[in-house]
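J.: Okay, predicted coordinates and the sequence, questions at the end:
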Amino acid sequence: MRHPSVLLPPTANSPCFLIDAKNRSYMHQYSNIYFTRLAILKKPVLERANARWRDLGNPVYVPRVLDVVKSQLCWILGTVYMDMPLKPNVLEDLGRDHSLPPPQSREKIYSDQDSVMLEDESGRIKLVGQKLISMHLVTGVIIAVLGMETPSGEFEVIDTCFADLAPFAEQHNTGNDSMDVDSSTAQLDEYLAVVSGLSIGTESQADAQIQMLVEYLSGEVGGHDDQTIASQITRLVIAGNSLLSVADIENGAEEDEKKPKKLSAVTPSDLSPHPNSILSAHLHDLASALPVHILPGPDDPSGAILPQQPFPRAMFSGATDFETFHCETNPVWLRLRSGTDSEESSSRDSSPPISSAGRSPVTRSVLVTSGQPVLDMFKYLPTPPFTLVSIAQLTLKWRHIAPTAPDTLWCHPYRERDPFVLDETPDIYVVGGMSEFATALVGSEQDGKRKRSRQCRVVLLPSFAETGTLVLVNMRTLDVRCVNFGVKGLSAGGGQAELPEEDAMQES
């Protein structure tokens with residue numbers, strides 16, 4: 001019998017990414033987002049900067065960046081703007097000769113000619129100094145900088161400070177806070193299953209992997225140990241790219257350079273005529289076994305701007321018969337309670353009840369995105385030293401999951417709020433649409449030392465169609481397990497199958 005979990009209602013501080021009728025307007029200027037972001041994050045950055053620099057001779061805080069005095073040690077606070085020559089420019093695109101093919105998009109847009117600006121309501125000042133070279137900031141981050149203005153009018157930076165982790169959302173957790181990857185799992189532990197990039201839309205060998213995934217989560221395949229773990233999975237989150245984008249195939253060979261890598265071997269004859277029906281059938285089977293949350297992604301038939309709104313439930317006719325099926329926004333914030341009978345707490349759904357004798361309930365906040373913000377910031381930063389997982393960690397410390405919106409990442413023109421600001425830190429941060437699996441633990445810092453009391457588990461999800469990877473996160477300990485699905489002879493995920501002539505599942 002499957003372990004239960006309940007979906008708790010959001011708190012007053014939980015971010016909401018639904019665009020209601022009040023905010024469904026495109027008449028506002030995007031500058032409102034920057035002003036709102038600065039107003040929200042100014043207080044925590046001020047508090048941390050005061051504590052960080054109060055023993056350095058009490059440097060002066062200058063509230064307006066244009067009021068700094070030359071050669072005086074001080075610190076200022078504002079929004080970072082990266083002036084990058086390689087950054088896409090819409091004005092240049094409109095003015096170019098359209099008889100010529102557009103330039104090929106760049107994987108990275110940073111260069112040695114980049115300059116860093118700090119701006120607030122009063123204006124903008126250029127930042128210089130060796131400290132900035134090692135940091136490699138991105139547009140939209142709220143930081144404080146310590147230094148002094150040079151005779152040339154630039155601000156030479158000695159040190160920087162950002163907000164660091166917000167308070168954790170769930171303060172009264174009864175779960176075990178010891179978090180070691182791939183440690184042994186107790187019989188009573190509960191798991192959250194997360195996957196990304198099903199990419200349904202071609203008649204390929206990956207269909208067998210998806211069918212194996214459905215049967216595994218339903219507890220229909222595998223040995224005793226596999227079925228025991230499957231019964232401990234309380235719900236499934238699908239983090240974007242459930243359907244395969246065919247826009248580049250339809251545009252023909254003239255736009256081959258724009259094709260995603262995963263489509264490079266796909267021909268129009270391979271395309272499934274009914275990809276949505278296939279996805280609906282899989283979701284029907286899954287929702288009949290456990291709660292399912294599905295997010296739109298960049299390849300899915302959804303709006304391109306963030307936050308992406310939920311799929312219409314009518315798209316998935318079979319799965320919508322179950323209350324356990326949820327269409328979510330991208331990003332989405334979920335509050336989940338495990339280890340309790342479903343009758344004990346009201347929620348939008350509940351799994352079949354099971355006795356909770358001997359188990360204490362544990363509540364976790366989970367933040368899930370389909371990966372667009374992290375991939376956009378990846379263009380700003382050199383690799384190495386920065387990686388996708390290190391960028392995801394930085395967004396938590398900056399208290400903003402999409403700082404490059406709206407500069408290089410499309411987002412809704414909010415007027416009075418910025419939904420991507422984190423007033424609370426989640427226990428689990430899941431990022432879909434990544435090139436490979438990665439995980440890390442993020443804790444807050446104080447006086448340069450990491451505090452181990454509370455940490456956030458960051459999980460990066462690769463494409464399931466390419467790797468066959470399902471990730472399980474222990475809701476009590478935040479341990480991580482990877483289950484790899486594959487069929488012998490396949491290049492995606494299953495090329496390492498151990499059972500000859502049979503489907504195989506590998507757990508690591």
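T.: Sure thing, it's come through.
J.: Look up the closest residue to Pro310, ignoring the ones flanking it.
T.: Residue nearest to Pro310 in three dimensions, not counting chain neighbours: Cys327, with 3.9 Å by C-beta to C-beta, 6 or more residues apart in numbering. Quick note: C-beta positions are derived from backbone N, CA and C, even for glycine.
J.: Would you check how far apart the one you found and Tyr380 are?
T.: 32 Å (C-beta to C-beta, to the nearest Å).
J.: more neighbours, the two?
T.: A count of neighbours by other C-beta atoms under 10 Å puts Tyr380 above the other of Cys327 and Tyr380, at 23 against 20.
J.: That one reaches Ser111, doesn't it?
T.: No: assessed by C-beta atoms under 8 Å, Tyr380 is found out of contact with Ser111, at 10.8 Å.
J.: what is in contact with these two at once?
T.: Met84 (C-beta atoms under 8 Å, 6 or more residues apart in numbering).
J.: any idea how far Asp114 is from the spatially closest residue to Ala402 that is not a sequence neighbour?
T.: Nearest residue to Ala402, sequence neighbours excluded (C-beta to C-beta, 6+ apart): Pro373, at 3.9 Å. For Pro373, the distance to Asp114 equals 20 Å [C-beta to C-beta].
J.: These two: who's more crowded?
T.: A count of neighbours by other C-beta under 10 Å puts Pro373 above the other of Pro373 and Asp114, at 25 against 17.
J.: what's the nearest residue to Leu396 if we skip its chain neighbours?
T.: Per C-beta to C-beta, 6+ apart, closest to Leu396 is Val442, 5.3 Å.
J.: Assign a three-state SS to the one you found, would you?
T.: Of the three states, Val442 takes strand under DSSP: H, G, I helix; E, B strand; the rest coil.
J.: Counting neighbours, what do you get for it?
T.: With other C-beta under 10 Å as criterion, Val442 counts 21.
J.: Gln130 too?
T.: Gln130, neighbours per other C-beta under 10 Å, totals 9.
J.: Gln227 too?
T.: Neighbour count for Gln227, taken as other C-beta under 10 Å: 15.
J.: Run through the neighbouring helices and strands of the top helix by length along the chain.
T.: If you go by DSSP state H, the chain has its longest helix at helix 31-53. Here helix 31-53 touches strand 60-61, strand 74-83, strand 142-149, strand 155-161, going by 3 or more C-beta pairs under 8 Å, 6 or more residues apart in numbering; DSSP states H and E.
J.: Tell me which of those strands sits nearest to His412.
T.: His412 sits nearest to strand 74-83 of all these, at 18.6 Å, using C-beta to C-beta.
J.: Next, the angle strand 155-161 makes with the closest one.
T.: Calculated by axes from the mean of the first three to the mean of the last three C-alpha atoms, to 10 degrees, strand 74-83 forms an angle of 100 degrees with strand 155-161.
J.: Any idea how far the longest helix of the chain is from the middle of the chain?
T.: Mean-position distance between helix 31-53 and its chain equals 22 Å (C-alpha atoms, centre = their mean, to the nearest Å).
J.: Now do the SS call for the residue of the chain positioned farthest from its centre.
T.: Centroid-distance maximum for the chain: Pro151 at 42.4 Å, with C-alpha atoms, centre = their mean. State at Pro151, reduced to three classes by three-state DSSP: coil.
J.: What residues does it make contact with?
T.: Here Pro151 is in contact with Lys70, Ser71 (C-beta under 8 Å, 6+ apart).
J.: Over to the one 3 residues further on?
T.: When contacts are counted by C-beta under 8 Å, 6+ apart, Glu154 is found next to Ile125, Lys126, Leu127, Val128.
J.: likewise Gln232?
T.: Arg2, His3, Thr185, Asp189, Glu190, Tyr191.
J.: Where does pLDDT dip in the stretch 401-508 of the chain?
T.: The stretch 401-508 of the chain contains residues with pLDDT under 70 at 445-453, 488-508.
J.: Break down it into its strands, ranges please.
T.: Taking DSSP state E, counting those that start in this stretch as the test, the strands found in the stretch 401-508 of the chain are 428-434, 438-446, 449-462, 469-474, 480-487, 503-507.
J.: can you count the residues close to Lys397?
T.: Neighbours of Lys397 (other C-beta under 10 Å): 19.
J.: can you pull the contacts of it?
T.: If you count contacts by C-beta under 8 Å, 6+ apart, then Lys397 has Phe162, Ala163, Asp164, Leu165, Val442 around it.
J.: Quick one: which of the residues you listed is the most crowded by neighbours?
T.: Result: Ala163 is most packed of these (other C-beta under 10 Å), 26 neighbours.
J.: What is the three-state secondary structure of that residue?
T.: Looking at Ala163 with three-state DSSP, the answer is coil.
J.: List just the nearest of the contacts of Lys397 to Ile278.
T.: Using C-beta to C-beta, the contacts of Lys397 come closest to Ile278 at Val442, 37.0 Å.
J.: any idea how far Gln171 is from the closest one?
T.: 17 Å.
J.: Thr139 now?
T.: Distance, Thr139 to Gln171, using C-beta to C-beta: 33 Å.
J.: re the thing from before, turn the strands of the stretch 401-508 of the chain into JSON lines, including distance to Trp333.
T.: Output for the strands of the stretch 401-508 of the chain, formatted as JSON lines (distance: least, C-beta to C-beta, whole Å):
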{"stretch": "strand 428-434", "distance to Trp333": "10"}
{"stretch": "strand 438-446", "distance to Trp333": "17"}
{"stretch": "strand 449-462", "distance to Trp333": "13"}
{"stretch": "strand 469-474", "distance to Trp333": "16"}
{"stretch": "strand 480-487", "distance to Trp333": "20"}
{"stretch": "strand 503-507", "distance to Trp333": "29"}
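J.: Just say which of these is most tucked in.
T.: strand 428-434 (a mean of 26; mean count of other C-beta atoms under 10 Å).
J.: just to revisit the earlier point, now for the helices and strands packed on helix 31-53, which one comes closest to Tyr429?
T.: Among the helices and strands packed on helix 31-53, strand 142-149 sits nearest to Tyr429 (C-beta to C-beta), with 19.2 Å.
J.: Could I get the CA-only coordinates of the closest one as PDB?
T.: Extracted in PDB, the C-alpha atoms of strand 142-149 (Å, rounded to 0.1, in the frame of the first residue of the first chain):
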ATOM      1  CA  ILE A 142      20.400  43.100  -5.700                       C
ATOM      2  CA  ILE A 143      23.800  43.600  -3.900                       C
ATOM      3  CA  ALA A 144      25.700  46.000  -1.700                       C
ATOM      4  CA  VAL A 145      29.200  46.900  -2.600                       C
ATOM      5  CA  LEU A 146      32.000  48.400  -0.400                       C
ATOM      6  CA  GLY A 147      34.600  50.700  -1.800                       C
ATOM      7  CA  MET A 148      35.200  54.200  -3.000                       C
ATOM      8  CA  GLU A 149      34.800  56.400  -6.000                       C
END
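J.: and the angle for it with helix 31-53?
T.: Going by the same axes, to 10 degrees, strand 142-149 makes 60 degrees with helix 31-53.
J.: tell me what strand 142-149 is packed against?
T.: Short answer (3+ C-beta pairs under 8 Å, 6+ apart): strand 142-149 packs on helix 31-53, strand 74-83, strand 155-161.
J.: on that earlier part again, so which of the contacts of Glu154 is the most crowded?
T.: Neighbour counts for those, by other C-beta under 10 Å, peak at Leu127, which reaches 24 neighbours.
J.: can you tell me the helix or strand for that residue?
T.: Secondary structure assignment for Leu127, by DSSP states H and E: strand 124-128.
J.: which element follows that strand toward the C-terminus?
T.: Criterion used, DSSP H and E; the element after strand 124-128 is helix 130-135.
J.: contacting residues around that following helix?
T.: Residues contacting helix 130-135 (C-beta under 8 Å, 6+ apart): Val116, Val157, Ile158, Asp159, Thr160.
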